[in-house]
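> need coordinates for the following:
(chains A, B, C and D, ligands or ions: 4)
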Amino acid sequence: MDIQSCVEVRNEWDIVSARQLGRNMAKELGFGNVDQARITTAISELARNIYLYAGNGKICIQPIDQLGKKGLKIVALDNGPGIRDIRRVMEDGYTTSGGLGAGLPGVKRLMDEFSIESTVDVGTEINATKWLR
Amino acid sequence: MDIQSCVEVRNEWDIVSARQLGRNMAKELGFGNVDQARITTAISELARNIYLYAGNGKICIQPIDQLGKKGLKIVALDNGPGIRDIRRVMEDGYTTSGGLGAGLPGVKRLMDEFSIESTVDVGTEINATKWLR
Amino acid sequence: MTGKDAIIDRYQDLIQTYIKGKSETALYKGQQFSRKLIEQQISPEDVISLHIQVMHELFPDMEEDMRDSFDFLLEVMIGYGFAYREHQSLRDKQQQLESEIEVAASMQQTLLMSDVPEVDGLDIGVISVPAKKMNGDYFNFVKDGNKLSVAVADIIGKGIPAALCMSMIKYAMDSLPQQQQMPHLLLENLNHVVEQNVHPNMFITMLHGLYDSDKHTFSYAGAGHEPGFIYRAADDRFDDMIAKGIVLGVSRTATYQPYEKVIEIGDMVILLSDGVTECRTSKGFIERDEIVSLIRKHMNLPAQEMVQCVFHELEKLQEFELRDDFTLIVLKRVV
Amino acid sequence: MTGKDAIIDRYQDLIQTYIKGKSETALYKGQQFSRKLIEQQISPEDVISLHIQVMHELFPDMEEDMRDSFDFLLEVMIGYGFAYREHQSLRDKQQQLESEIEVAASMQQTLLMSDVPEVDGLDIGVISVPAKKMNGDYFNFVKDGNKLSVAVADIIGKGIPAALCMSMIKYAMDSLPQQQQMPHLLLENLNHVVEQNVHPNMFITMLHGLYDSDKHTFSYAGAGHEPGFIYRAADDRFDDMIAKGIVLGVSRTATYQPYEKVIEIGDMVILLSDGVTECRTSKGFIERDEIVSLIRKHMNLPAQEMVQCVFHELEKLQEFELRDDFTLIVLKRVV
Ligand SMILES: [Mn+2]
Ligand SMILES: [Mn+2]
Ligand SMILES: [Mn+2]
Ligand SMILES: [Mn+2]
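Ligands and ions are numbered 1, 2, ... in the order given. Sure, this is the predicted structure:
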């Protein structure tokens, strides 16, 4: 139940590895085509954030089974500069992604559970879970 | 240059005739696939408004040629109750179409020129032009 | 059968009907189907997935490359799904903001806008329409015996900040009742309040006047405000009502000049904000001349109808998109 | 080569690469491509049209039924195009509204929020954070010789209407300077103003107090406001600071009861708004007990750090989504 696989994120190619890891696990767990692609995109966003803002960190993917309720959990960890104003980062349109609707609020909307902890100069940890329906 | 074809709109089937008329003319004028479909949807919206709010009226489609600049003009006419507050109707989200993004503001955004005149208890005339690029 | 299965079946039906007859009716049904999907908040990538499923059903022998290309399309559409969900969230937020602004605007309307008083011998018309929900123009009438004090102000800036600023002006004026009798002193005092209390990049223009319905004089002073007009019935002529004076809030030591005009029977005092004179049409800004002709056109109507007609004509000229708050006040001496 | 052709070529390349290798890298490039399309404001129906063109290119022998089914998909996507363009327009509008609200909020901040005064023997900490951009909580300090007047108010309602209402309270309080010395009379007077001037469904709760730094007494009165606490250093105990009195604006004839406490060295007067005590976490509302333990945890810090630490802990408990404006004031007698 606690088998967790991680990918270090230091360059752009690692984003692809994180995606691959997530897609494989999502497929194995029985997520449909669309959800596989969505989860992969969410992982991609989180990995890209690490690559762009923290320099390096890691993405871990973990199958979840809580009393028979199955799901997939993404953990994004870094020791980067941290986020000064979390409320602001979670607002729509804060990212400069030109109307993409992704960024952290997009990931949060997509997943069923989402939490973020960040300390300035220490780092950021994001947890996001999607349940299998 | 002033050949205008009209369709009376009294019931839902007339909406289809108006669409067909618009699509044929758009195709003839050389609009691409996507623009044909968009113009048809715009006509559909205008015809549907007539059918729903005015009871009956007509949709006229007209090819335009202004000094070599070619386009298609839609005229929607009715003798219905008129629009009491045009500024309000032109606001996004005023129509109850549940996030469709169509309604009159959607039609206006799609077309290159758009004008509306309405007198309470007399009727409404909408003109909308799309230029060929 | 679940809702999802029903949607798949419906889509398969629709697409088969279209393939068979290629009729406009089938496409119309496609559009209605699309509307229903959007109402059910189904994402664009779900539509692609739906299409893929039905394709596999209808074309079981589809070559593998074709299948793969559909998967790629799905991947590209995922980004649009993110944008689509952001749209839904923005719509909700927008609706909440709008309803908040609507409450604030109605507060503003009931609290800050004064009623039009009845004054012997005067026919009064007033219209004040905000460009957006909140009004950054302000007008105020105070009747005291045979004297009518009237103010028109325009906050430089629009929308919510202007509305906040305007509520300050209202409370400041309420606390200066004695100065209502002397327009130039009222402006001097208000200038202090604005200078001290208002954001340094917020300015206010104002015209304040006092109509004496015994002597039939109109005394006034202005702080950088758009000049009004005086209509002289004897000459059938509109004169600009110039009042020199600096905008409120710029200089701590500003003083204002008093003016006075005698008003004859049939004359009109016309006060306005620059939203009336600087209204921009597709042909450029309107000239003050054109405003005068519009007023002239309707000036035989009762004052209230007159200001409304002028507004409606200008609203239409601007294609129903006001770019600035609009305030027009007419005081017409009838006897 | 036009921009459109470049896009078609790029898409064809990407899809061919994917068909060949089916690699995650190709799909990642698909996602990046999608991001770029969205940045260029390309509509979802354009994406379908792009896909169709490339399919015709790659599969020239595609059967006709297949071609037709693509056309139908395009038709269905048109509706999503309308929604997508509305999204763009809403985003623009939203950004404009937000920047307006930001200006108004900064006006509110600079004009309405008072500075924290220096008072001999008192260590003062204040934090007031709006749930949204505009604050519907209000606090005010006025120092007059050896006396410090302190007010905390909460407008029932949030956002823009509450902010408008709050600016009225500020100007009303400014015009009642003499009553600052008598909390219960100040509330009585404010009640008149609110009753007469504020929207009938807007109410205001307030606690007003006066700290005498010679006698070390805190006299106060309350109008339906969330009770604060008094920390008694001698007993190491937090007492509720009850002040009975009806909310401002409800009854024309309301009167308020005066209270007074003697404050010893090490004691603290803690004033707050219900945004502190009614903060809702995923486990339900927080209890006043829990607030007390949070305050206790940080009470050895300087007052300003103390209120900030309490806020940060409560912010995190609420997952960074404040549901109500939050105001916490601590007056700590140090000598
Ligand atoms: Mn203005
Ligand atoms: Mn103006
Ligand atoms: Mn409140
Ligand atoms: Mn509250």
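> give me phi/psi at residue A:84?
Dihedral angles of residue A:84 (phi, psi; degrees, to the nearest 10) stand at phi -70, psi -40.
> over to residue C:40?
phi -90, psi 10.
> that one - how many residues pack around it?
By the criterion of other Cβ atoms under 10 Å in any protein chain shown, residue C:40 has 11 neighbours. (C-beta placed from N, C-alpha, C; glycine too.)
> and it, how far from chain A?
Noted for residue C:40: a distance of 15 Å to chain A, by Cβ to the nearest Cβ, to the nearest Å.
> cool, residue C:220 as well?
Taking Cβ to the nearest Cβ, one finds residue C:220 at 47 Å from chain A.
> now do the SS call for the nearest residue to that residue once chain neighbours are set aside.
Nearest non-adjacent residue to residue C:220, counting by Cβ to Cβ, 6 or more residues apart in numbering or on different chains: residue C:209, 3.5 Å away. For residue C:209, the secondary structure call by DSSP: H, G, I helix; E, B strand; the rest coil comes out as strand.
> residue C:209 reaches residue C:217, doesn't it?
No - in this structure, residue C:209 is not within contact of residue C:217 by Cβ atoms under 8 Å, at 10.1 Å.
> quick one, what contacts residue C:202?
Applying Cβ atoms under 8 Å, 6 or more residues apart in numbering or on different chains, we find residue C:202 in contact with C:155-157, C:161-162, C:165, C:249, D:107.
> and it, which of the three is it?
Once three-state DSSP is applied, residue C:202 turns out coil.
> over to residue C:81?
helix.
> where does pLDDT dip in the stretch 151-300 of chain C?
In the predicted model of the stretch 151-300 of chain C, residues C:198-199, C:201, C:282 satisfy pLDDT under 70.
> so where do the helices sit in it?
With DSSP state H, counting those that start in this stretch as the criterion, the stretch 151-300 of chain C has helices at C:159-174, C:183-197, C:274-277, C:288-298.
> do the same with chain A
A:12-29, A:33-49, A:86-89, A:103-110 (DSSP state H).
> any weak-confidence spans in chain A?
Counting by pLDDT under 70, chain A has low-confidence residues at A:1-2, A:93-101.
> just confirm residue C:38 contacts residue D:77, I think it does.
No - when contacts are counted by Cβ under 8 Å, residue C:38 is not listed as touching residue D:77 (10.8 Å).
> between these two, which has more neighbouring residues?
Neighbours around residue C:38 and residue D:77, counted as other Cβ under 10 Å, are more numerous at residue D:77. The numbers are 27 against 24.
> contact partners for the more buried one?
Counting by Cβ under 8 Å, 6+ apart, residue D:77 touches C:34, C:44, C:47, D:44-45, D:47-48.
> before we move on, what about residue C:332?
C:122-125, C:266-268, C:303.
> assign it to helix, strand or coil.
Classification of residue C:332 using three-state DSSP returns strand.
> pLDDT at it, what is it?
For residue C:332, the pLDDT comes out at 97.
> hey, what's it bridged with?
As for beta bridges, residue C:332 partners with residue C:123, residue C:268 under DSSP bridges.
> does stretch A:40-59 reach chain C?
Yes - using Cβ under 8 Å from any Cβ of the partner chain, we find that stretch A:40-59 touches chain C at residue A:41.
> next, the buried residues of that stretch.
Within stretch A:40-59, the residues that count as buried by 16 or more other Cβ atoms under 10 Å in any protein chain shown are A:40-51, A:54, A:57-59.
> and what of stretch A:24-36?
For stretch A:24-36, using 16+ other Cβ under 10 Å, the buried residues are A:25-26, A:29, A:31, A:33-36.
> how about the strands in chain C?
Listed in chain order, the strands of chain C (DSSP state E) span C:122-129, C:137-144, C:147-155, C:204-212, C:217-223, C:228-232, C:237-241, C:259-262, C:268-272, C:280-281, C:284-285, C:326-333.
> using a markdown table, lay out those together with distance to residue C:91.
Formatted as a markdown table, those follow (distance: least, Cβ to Cβ, whole Å):
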| stretch | distance to residue C:91 |
| --- | --- |
| strand C:122-129 | 26 |
| strand C:137-144 | 30 |
| strand C:147-155 | 30 |
| strand C:204-212 | 35 |
| strand C:217-223 | 42 |
| strand C:228-232 | 43 |
| strand C:237-241 | 47 |
| strand C:259-262 | 52 |
| strand C:268-272 | 37 |
| strand C:280-281 | 30 |
| strand C:284-285 | 35 |
| strand C:326-333 | 29 |
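> quick one: which of those is nearest residue B:107?
With Cβ to Cβ as the measure, strand C:280-281 is the member of those nearest residue B:107 (22.3 Å).
> what are the pairing partners of the closest one, and which direction each?
strand C:284-285 (antiparallel).
> for the strand it pairs with, which outside residues touch it?
Here strand C:284-285 makes contact (Cβ under 8 Å, 6+ apart) with C:278-279.
> ok, and what's touching stretch C:19-34?
By Cβ under 8 Å, 6+ apart, stretch C:19-34 touches B:15-17, B:19-20, B:23, B:37, B:40-41, B:44, C:10-11, C:14, C:17-18, C:47, D:65, D:68-69, D:72, D:75-80.
> list the buried residues for it?
Neighbour-count burial for stretch C:19-34, counted by 16+ other Cβ under 10 Å, picks out C:19, C:24-34.
> returning to what we had before: farthest-apart pair in the buried residues of stretch A:24-36, please.
Across the buried residues of stretch A:24-36, no pair lies farther apart than A:25 and A:34, at 16.0 Å, counting by Cβ to Cβ.
> so which of the contacts of residue D:77 is the most crowded?
Of those, residue D:48 is surrounded by the most neighbours, 29 neighbours in total, counting by other Cβ under 10 Å.
> go ahead and confirm that residue touches residue D:71.
No - the pair residue D:48 / residue D:71 is not scored as a contact, 9.6 Å apart, by Cβ under 8 Å.
> quick check, nearest of the contacts of residue C:332 to ligand 1?
When the contacts of residue C:332 are compared for distance to ligand 1 (Cβ to the ion), residue C:125 wins out at 21.1 Å.
> who's the closest spatial neighbour of residue C:216, skipping the chain neighbours?
residue C:263 (4.9 Å).
> pretty sure the one you found contacts residue C:217?
Yes - with contact defined as Cβ under 8 Å, residue C:263 reaches residue C:217; the gap is 6.7 Å.
> give me the common contacts of the two.
Counting by Cβ under 8 Å, 6+ apart, the shared contacts of residue C:263 and residue C:217 are residue C:211.
> of the two, give the one with the bigger neighbour count.
Per other Cβ under 10 Å, whichever of residue C:263 and residue C:217 has more neighbours is residue C:263, with 24 against 14.
> which residues are in contact with that one?
C:211, C:216-218, C:230, C:269, C:333.
> quick check: buried residues in stretch A:68-80?
The neighbour-count check on stretch A:68-80 (16+ other Cβ under 10 Å) flags A:71-78, A:80 as buried.
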